[in-house]
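[1] Predicted model follows, preceded by the sequence.
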Amino acid sequence: MKNTIKNNMNKLLGKLGEIIASKEIIKKGFILKHRNYHSRYGEIDLVFLSKKDPKFLLFCEVKTRRVKKKESLEVLSKNQIQKIIKTIFVFIEKSSYNDFKWQLDLIMIQFDLRNLKKHFFHYKNILNE
């Protein structure tokens, strides 16, 4: 029972993080095209189309945590990144976006529950880091 409640809380926290991330990226001039796209390799949390460059896709991996300190990019293992990349290729192959440029961003949202604050970190183009 305790693990079920914890799992449900983690899922809710993850969904909340995706909603916050979506709103922030939309403010930056993007249109949300897909949420939680699945392939046999994995999942892409958010897919956006740029308003400025209509041939540019932004894929976002969102990590939401209940911690105080800023975490680094190590929240994604090499294996996880490879699965995301394979899923991006499946998405592009099955859609009409074959000739589009794209990038993968990592969004970290951390909740400080003691002080009721959220911290938003946007790591752009993580494959070129």
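    Perfect, I can see it now. Keep in mind it's a predicted model, so treat the numbers as computed, not measured.
[2] which residues touch residue 48?
    Neighbouring residues of residue 48 by CB atoms under 8 Å, 6 or more residues apart in numbering: 25-26, 30-33, 57-60. C-betas here are computed from N, CA, C, even on glycine.
[3] remind me, longest helix of this protein?
    Determined from DSSP state H, the single longest helix within the chain is helix 2-27.
[4] The longest strand anywhere in the chain - which strands sit beside it in the sheet, and in what orientation?
    Looking across the chain with DSSP state E, the single longest strand is strand 101-112. According to DSSP bridges, strand 101-112 forms sheet pairs with strand 56-65 (parallel), strand 117-123 (antiparallel).
[5] just those: most buried one?
    Using mean count of other CB atoms under 10 Å, the stretch among those with the largest mean neighbour count is strand 56-65, at a mean of 20.
[6] one step back: okay, buried residues for the longest strand of the chain please.
    Across strand 101-112, burial judged by 16 or more other CB atoms under 10 Å covers 102, 104-111.
[7] least confident pick among these?
    Of all the buried residues of strand 101-112, residue 111 carries the smallest pLDDT score, 83.
[8] hang on, that one packs against residue 66?
    Yes: here residue 111 reaches residue 66: they are 5.2 Å apart, a contact under CB atoms under 8 Å.
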